[in-house]
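Chemist: can't give you the sequence, but here's the structure:
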Ligand SMILES: C[S@@+](CC[C@H](N)C(=O)[O-])C[C@H]1O[C@@H](n2cnc3c(N)ncnc32)[C@H](O)[C@@H]1O
């Protein structure tokens, strides 16, 4: 984009006394907005630079590491016998409950707020003082900050005996609050050995027995929901001699090995993130906590809005293997992908002016903006954790734009503008077109991320219920709106690692090129249609990126006779994966507005006309 293409100032076209445009009506040119794509000074960053800002600090092997004493050689088990006891095989019935995607995996639905409960058992002070786990409080702080940012409720239990650990978990497994959440994380941090974890009294409990308390035989509230156990403890005294210095490890003398664990379908949906390989030590730094927890928190913080938990644990393995003499050992009976942060993506086949509203998430609403004269805006109807990715920004992909008001630049690898995604026309855009421009850095809660040639909005911070979603459109656009940013403003408001996002406005992150990719209703990640392949899902995913939901097995009722021909289903409306008959009324996804299904298969919705309860200051 060059400056000669800059957008006309929309404010000069807007009558100040004008009421907000109705998103359901066609926008006419006099209501046009300034040019999202006109910011000639936007600098897109190469992906290597993006990695700089992730603040990834490798944990170095250093002199803080010391070895603890008293390891009992006799209790080491053979590694081959020891991997994934009770959890290694796919479980009967698991396949049938999967939703489809290109790799055969769907995603767990995490819809509750909070997303889940985290219970942390952290043993720091032991009866025998020389066993104290200095630095363990740092691990706890790191995990707590990250997981509460992700939208989990956290509970702590510090310094528990073996018996108390078991009782705490038994009690927790019967907690009625588990019924109200869609996921669960238990963190066990103590000394350990093989499959046991130690209490502060030196007594031990078998980890698998503790985990089994939460299987579907013992904890029906969590049946079918993903459950993660993070076990930060030694599993033996094996070590690779890299550091050459003595280092503290979470190992202990007293060991019991319990009986064999039964393999039952009840044990599905578990992910156990062991900090170390069976038979090996788990390191801890007196001053900096354990490298495993530090690395896990770094990876999850960087990547949770992009990839699912199992993939993140693979990356934790990778980083630990590169920088430490410890290889973690995740084991899984998860059946589906587990996303800690939703990338809120909804697509629809609808191609009329209701499309932006049809794509709106149930947890958002579109109503008059808190910014005077700005028309409609998007509001959070529940809280969203930091890192939540909204998008992609929907619109016509074009190299020529007639009206600049709703267009975004999409950058090529060399930072030149590749094309524009133009959301001016509602019939091919989505709800992101309604997010307004923040007037000050203080009300800015989203940054712009270009990921694989698509534009997303990502939450800088936890967004509280009732807050309007606001993004910085860029300096040129801002100028058109009479808005400016000074470098000092950034210092006041953002953490150092976030400042670059604000300044550069659009961050590019081309992790891998997707070819044609599709999104299913409520699915959290795109699945790819690779060129030239005719896999099971290939035929449902079309080159325009649409996905024929009639073929999606989880559709409520499918009234189409020809299952491949959803778009032409007359007399019924397809809305967010559900079918409604003509004239039928139904609640809009925001649960407040009402929609009516028309004969032509399209529906019309009311718009929620309420003023915002709360705006971030
Ligand atoms: C991408 S649209 C956002 C949705 C728009 N509010 C609507 O109702 O369609 C951009 C337009 O919203 C309005 N807008 C967004 N942020 C604004 C701000 N901070 N101050 C004034 N108007 C704003 C301007 O009219 C702008 O052209």
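Modeler: Noted; the coordinates are in hand. Just so it is clear, the model here is predicted, and its values are computed rather than measured.
Chemist: Kindly check the end-to-end length of stretch 220-230 for me.
Modeler: Taking C-alpha to C-alpha, to the nearest Å, the first and last residues of stretch 220-230 lie 21 Å apart.
Chemist: can you pull the buried residues of that stretch?
Modeler: Buried residues in stretch 220-230, counted by 16 or more other C-beta atoms under 10 Å: 221-222, 225-230. For glycine as for every other residue, the C-beta is placed from the backbone atoms N, C-alpha and C.
Chemist: Check stretch 433-442 too.
Modeler: Quick answer for stretch 433-442 (16+ other C-beta under 10 Å): 433-439, 441.
Chemist: Helices of the stretch 201-350 of the chain, start to end?
Modeler: 207-212, 291-303, 309-323 (DSSP state H, counting those that start in this stretch).
Chemist: Pick out the shakiest of the ones you listed, pLDDT-wise.
Modeler: Comparing mean pLDDT across the helices of the stretch 201-350 of the chain, the lowest value falls on helix 291-303: a mean of 88.
Chemist: Which neighbouring elements make contact with that one?
Modeler: helix 136-149, strand 227-232, helix 309-323 (3 or more C-beta pairs under 8 Å, 6 or more residues apart in numbering; DSSP states H and E).
Chemist: mind checking which of the ones you listed is nearest the ligand?
Modeler: helix 136-149 (26.9 Å; C-beta to the nearest ligand atom).
Chemist: any idea of the angle the closest one forms with helix 291-303?
Modeler: Inter-element angle recorded for helix 136-149 and helix 291-303: 20 degrees (by axes from the mean of the first three to the mean of the last three C-alpha atoms, to 10 degrees).
Chemist: what angle separates the helix or strand that helix 136-149 is followed by from helix 136-149?
Modeler: Next along the chain after helix 136-149, taking DSSP states H and E as the criterion, comes strand 152-158. Strand 152-158 and helix 136-149 are oriented at 160 degrees to each other (the same axes, to 10 degrees).
Chemist: Show me what strand 152-158 is packed up against.
Modeler: strand 116-122, helix 136-149, helix 162-173.
Chemist: average pLDDT for the longest one?
Modeler: Per-residue pLDDT values across helix 136-149 average out to 90.
Chemist: What residues does the stretch 401-550 of the chain have near the ligand?
Modeler: Contact residues (C-beta under 6 Å from any ligand atom) of the stretch 401-550 of the chain with the ligand: 405-406, 433-434, 436-437, 439, 481.
Chemist: Recalculate using a threshold of 5 Å.
Modeler: Counting by C-beta under 5 Å from any ligand atom, the residues of the stretch 401-550 of the chain close to the ligand are 406, 434, 436-437, 439, 481.
Chemist: burial measure for the nearest residue to residue 144 once chain neighbours are set aside, as a count.
Modeler: Once flanking residues are discounted, residue 144 sits nearest to residue 154: 5.3 Å by C-beta to C-beta, 6 or more residues apart in numbering. Residues contacting residue 154 under the criterion other C-beta atoms under 10 Å number 17.
Chemist: how near is residue 317 to residue 478?
Modeler: Plainly put, residue 317 is 43 Å away from residue 478 if you go by C-beta to C-beta, to the nearest Å.
Chemist: before we move on, back to that, pick the most deeply packed of the helices of the stretch 201-350 of the chain.
Modeler: Of all the helices of the stretch 201-350 of the chain, helix 291-303 has the most neighbours on average by mean count of other C-beta atoms under 10 Å, namely a mean of 23.
Chemist: mind giving me the domain split of the protein?
Modeler: Domain segmentation of the chain under automatic domain parsing yields 3-48+343-509, 71-332.
Chemist: I'd like the average pLDDT over the shortest one.
Modeler: Going back to what we said before, that points to domain 3-48+343-509. Here the average pLDDT along domain 3-48+343-509 is 69.
Chemist: which ones are touching the residue of the stretch 151-300 of the chain found nearest the ligand?
Modeler: Proximity of the stretch 151-300 of the chain to the ligand (C-beta to the nearest ligand atom) peaks at residue 151, 26.6 Å away. Residue 151 sits next to 113-115, 383-385, 462 when contact means C-beta atoms under 8 Å, 6 or more residues apart in numbering.
Chemist: and the helices and strands packed on strand 152-158 as CSV, adding distance to residue 130 and mean neighbour count?
Modeler: Listed next are those as CSV, based on distance: least, C-beta to C-beta, whole Å; neighbours: other C-beta atoms under 10 Å:
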stretch, distance to residue 130, mean neighbour count
strand 116-122, 18, 22
helix 136-149, 15, 20
helix 162-173, 19, 17
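Chemist: Now distance to the ligand too, for these, in a markdown table please.
Modeler: What follows is the helices and strands packed on strand 152-158, written out as a markdown table (distance: least, C-beta to the nearest ligand atom, whole Å):
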| stretch | distance to the ligand |
| --- | --- |
| strand 116-122 | 34 |
| helix 136-149 | 27 |
| helix 162-173 | 45 |
